[in-house]
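Trainee: Pasting a predicted model and its sequence here:
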Amino acid sequence: MGCALSGAKSALWISLLHGFLFIIAGSGTEAPLDDSTADVSSRRFRAEFLQEWQGSTDAPYFDPSTPRNITGLVGHPVRLLCRVKNLQNRTVSWVRHRDIHLLTVGRYTYTSDQRFEAQHKPRSEEWALRIRSPQRRDSGQYECQISTTPPVGHAVFLNIVEPETTISSGSELFIQAGSTINLTCTVRHTPEPPSSITWTHGEQVINFDSARGGISLVTEKGLKSTSRLLIQRARGADAGLYTCGPNNAPPASTRVHVLSGEHPAAMQQGCAKSSLDRMLSISYCILSLFLLRKPSFNFQFGT
């Protein structure tokens, strides 16, 4: 193995020496070579040099097992990592693709944004880019590069998310009186499962032990936490704004309408408006077809 490495290095130095001798010899002649001859020799030298380097058995390379997709939370430190094998005297840098901005070179940080930091332990294969307090705008592609000729890179895609709360019914829910109000609240992208999820009706916290009865709650906590509120035998007093409020994520609300046989006035107006819009659209289509099929008349006036 040692002999092979020594041989490859010797061949590389010979190629370099050959190129330098060619340049010196060309500059010392009184009758310089024409442009085509110099261009062919230059391209041959570059091709031989690059082929020799790429075929070298001691070239640095990336550990393919390093993760390429990282998800982080807004405001919580995130770490992008690449592992480089057989680095030797090469340098590792981190570049942000969005603006082709050089962030780090080796163990040094080359950006004025103090949220970015180069991390590397001596004699370690790991080269990390740490982002303190990341924001949504930091999402995108980053690249870990080795200073070879040409440079080689390992792309890492970063996605910064914020905690969010949603209610499956959307912004409004219409149900018939006597049926069950079923509201499911989902909490995502929190650093840890919420320790508490509070439901309110209007400005009052829902009391599951109230005299009304028929109110139950089922909560499951994990990477995605859910809280399901069930109110049986819905009546008019149960209508209103319901809010799901986890302790570590923004709240979400929905308005419940309890119908007693007839649609409320707001729904009637909405339906009437929709019916009128449909009638106008149909009338317009019929009129357009009539005008297209109507024969045209050409009038000629004699002189």
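Mentor: Yep, that arrived. Bear in mind that the values here come from a model prediction, so they are computed numbers and not experimental data.
Trainee: element containing residue 158?
Mentor: Element membership of residue 158, judged by DSSP states H and E, is strand 152-161.
Trainee: Describe which strands that strand pairs with in its sheet and in which direction.
Mentor: If you go by DSSP bridges, strand 152-161 pairs up with strand 69-73 (parallel), strand 140-146 (antiparallel).
Trainee: For the longest one, C-alpha coordinates in PDB please.
Mentor: Once side chains and other backbone atoms are set aside, the C-alpha atoms of strand 140-146 remain, and they are given as PDB (Å, rounded to 0.1, in the frame of the first residue of the first chain):
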ATOM      1  CA  GLY A 140     -32.500  25.700   2.300                       C
ATOM      2  CA  GLN A 141     -29.400  23.900   0.900                       C
ATOM      3  CA  TYR A 142     -26.000  24.100   2.500                       C
ATOM      4  CA  GLU A 143     -22.800  22.400   1.200                       C
ATOM      5  CA  CYS A 144     -19.800  21.000   3.000                       C
ATOM      6  CA  GLN A 145     -16.800  21.400   0.500                       C
ATOM      7  CA  ILE A 146     -13.300  19.900   0.400                       C
END
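Trainee: Any buried residues in it, and which?
Mentor: Buried residues in strand 140-146, counted by 16 or more other C-beta atoms under 10 Å: 142, 143, 144, 145, 146. No exception for glycine: its C-beta is placed from N, CA and C like everyone else's.
Trainee: How about residue 239, nearest residue that isn't a chain neighbour?
Mentor: In space, and not counting its chain neighbours, residue 239 is closest to residue 258: 4.4 Å by C-beta to C-beta, 6 or more residues apart in numbering.
Trainee: in the sheet, who's paired with that neighbour?
Mentor: Under the criterion used here (DSSP bridges), residue 258 is bridged to residue 175.
Trainee: okay, now residue 62: neighbour count?
Mentor: By other C-beta atoms under 10 Å, the residues close to residue 62 number 17.
Trainee: doesn't residue 86 make contact with it?
Mentor: No: with contact defined as C-beta atoms under 8 Å, residue 62 does not count as touching residue 86 (10.5 Å).
Trainee: hang on, residue 137 in a helix?
Mentor: Yes: remark: residue 137 belongs to a helix, assigned using DSSP: H, G, I helix; E, B strand; the rest coil.
Trainee: heads up, I number from 58, so please use that
Mentor: Got it, the first residue is 58 from now on, which makes the last one we talked about residue 194.
Trainee: Would you check how far apart it and residue 283 are?
Mentor: Here residue 194 is placed at a distance of 30 Å from residue 283 (C-beta to C-beta, to the nearest Å).
Trainee: which of these two has more neighbours?
Mentor: Taking neighbours as other C-beta under 10 Å, residue 194 and residue 283 compare with residue 283 leading, 17 against 8.
Trainee: got the phi/psi numbers for residue 147?
Mentor: Per-residue torsions, residue 147: phi -80, psi 170 (degrees, to the nearest 10).
Trainee: And for it, the neighbour number?
Mentor: Neighbour count for residue 147, taken as other C-beta under 10 Å: 16.
Trainee: quick revisit: max pairwise distance over the buried residues of strand 197-203: which two?
Mentor: Among the buried residues of strand 197-203, the pair separated by the greatest distance (C-beta to C-beta) is 199 and 203, at 14.6 Å.
Trainee: where's the residue nearest to residue 296 relative to residue 215, distance?
Mentor: 46 Å.
Trainee: Next: residue 296.
Mentor: 44 Å.
Trainee: same question, residue 246
Mentor: Using C-beta to C-beta, we find residue 246 at a distance of 14 Å from residue 215.
Trainee: re the thing from before, contacts only, for the residue nearest to residue 296.
Mentor: Counting by C-beta atoms under 8 Å, 6 or more residues apart in numbering, residue 315 touches 232, 233, 234, 291, 292, 293, 295, 296.
Trainee: Perfect, I'm done here.
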